[in-house]
Every structure is written in structure tokens, then in C-alpha cells.
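Novice: predicted model follows, preceded by the sequence.
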Amino acid sequence: MSTEPVPAEVENYFADLEPDQRVVLYPVIDTVRDAMPPGYVLGMYWGIPGWVIPLETYPNTYNGQPLAYVSVAAQKNYSSLHLMGLYGDPEADAAFRAEWAATGRKLNMGKSCLRFKTLADVDLGIIARTVASIPVDRYLATYRRIKPAAGQASARKTPRGQQPGATVTR
């Protein structure tokens, strides 16, 4: 179990949720925290709680922001778990999807965002094993392999006048 204190802004995020959202997200975030390899730091990034590789550890990111590893969020109609360690790592992604399929649970997931409505929709054991399986050095190796070349614009440009990480409404 992690002994690091939970930052106040993360506590505030959960305190502001509806009780039914907390019931779903608390076991997920506890599972992730307990499985988190050393070197990732919990905080509020892009408006949601998550673990990152801090800039003090790896400052050479394409956007000058810490590298997000795992984040959780309460959305209006579902919760989400962003498993960025699966993005760009086809072997880890395939292993996760195969293990999930073996449970018989429906997988509602994009490239790295697992969406779920209830705790019964999530296999906490698979989540724990996935999170624990990607230490900082492995995640950085994947990032270095797939990151945009120095000076190259990000594949996803921020619209003029908008802050990075802000939500775009259309």
C-alpha cells in the first residue's frame, strides 16, 4: 500500500463528486495507488487526478507537461480510467485486452481510456496487474520511441487562444 499522502487537490476532487460517483471511483483509485510502481507522482493534472512522471524526472516532453501514466475521472454518465501505459505499447495493450476478454466482461475502451458505469464493470485485479507492470523506465522507453521529433508540432494542436488540457466544446 502506498504511504505517500494524497494531495489536498485530489482529496477535494473526490469530495466534490456525487456519493454514487465516489462509491465507484474510490475502489479504482485505491487499487491503482496500491499497484503504482515507484517514481510516478499523484496530483491533479488536466483537471483530473492522476499519476505522472514529473518534469523533474523527465523534462524533455513534447508539450512541456509531465507525462501522464494513469488518470481517473468522473464523467456525467460514466467514469473513466486512462491507462496511458497501454498507448503506444501494442504488446501491453494486447495482453490487457486478452485478459479482459477472458473475464467475459464487456470492454468499453478506446486507445487508452477505459469507460465504466459501475464497479461491477471493472476487473480490479487486471487493473492492478496492468498498472504494476509498467515501471517508469519502461514507460519512458515507449515514450521516447513514439514521441514527436524535437521541433515537430504535436499531432493534436491546441486551438488558438485555448490552454493545453482545456475542454473543447462544439
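Specialist: Ah, there it is.
Novice: nearest residue to the middle of this protein?
Specialist: The residue lying closest to the centre of the chain (CA atoms, centre = their mean) is Val70, at 2.3 Å.
Novice: now Leu107: closest residue in space, sequence neighbours ignored.
Specialist: Leaving out its chain neighbours, the residue that sits closest to Leu107 by CB to CB, 6 or more residues apart in numbering is Trp100, at 4.9 Å. (C-beta placed from N, C-alpha, C; glycine too.)
Novice: for that neighbour, what is the enclosing helix or strand?
Specialist: helix 90-103 (DSSP states H and E).
Novice: what mean pLDDT does that helix get?
Specialist: The predicted model gives helix 90-103 an average pLDDT of 94.
Novice: following it, which helix or strand comes up?
Specialist: In N-to-C order, the element after helix 90-103 by DSSP H and E is strand 113-116.
Novice: quick check: mean pLDDT of the helix or strand just after that following strand?
Specialist: Counting by DSSP H and E, the element after strand 113-116 in chain order, helix or strand, is helix 124-132. What helix 124-132 shows for mean pLDDT is 96.
Novice: quick one: residues in contact with helix 124-132.
Specialist: 27-28, 31-32, 34-37, 70, 81, 83, 85-86, 92, 96, 99-100, 103 (CB atoms under 8 Å, 6 or more residues apart in numbering).
Novice: out of the residues you listed, which sit inside strands?
Specialist: Those of the contacts of helix 124-132 mapping onto strands are Val70, Leu81, Leu83, per DSSP state E.
Novice: picking up where we left off before, now the helix holding Trp100: buried residues?
Specialist: Buried residues in helix 90-103, counted by 16 or more other CB atoms under 10 Å: Ala92, Asp93, Ala95, Phe96, Trp100.
Novice: turn those into TSV, including distance to Ile53.
Specialist: TSV is the format used below for the buried residues of helix 90-103 (distance: CB to CB, whole Å):
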residue	distance to Ile53
Ala92	16
Asp93	19
Ala95	22
Phe96	20
Trp100	25
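Novice: assign a three-state SS to Arg138, would you?
Specialist: Secondary structure assignment for Arg138 (DSSP: H, G, I helix; E, B strand; the rest coil): helix.
Novice: going forward, count from 21.
Specialist: Renumbered: residue one is now 21, and that last one reads Arg158.
Novice: that one: neighbouring residues, count only.
Specialist: The number of residues packed near Arg158 is 14, by other CB atoms under 10 Å.
Novice: measure it to Pro86 for me?
Specialist: From Arg158 over to Pro86 the distance is 17 Å, taken as CB to CB, to the nearest Å.
Novice: perfect, that will be all.
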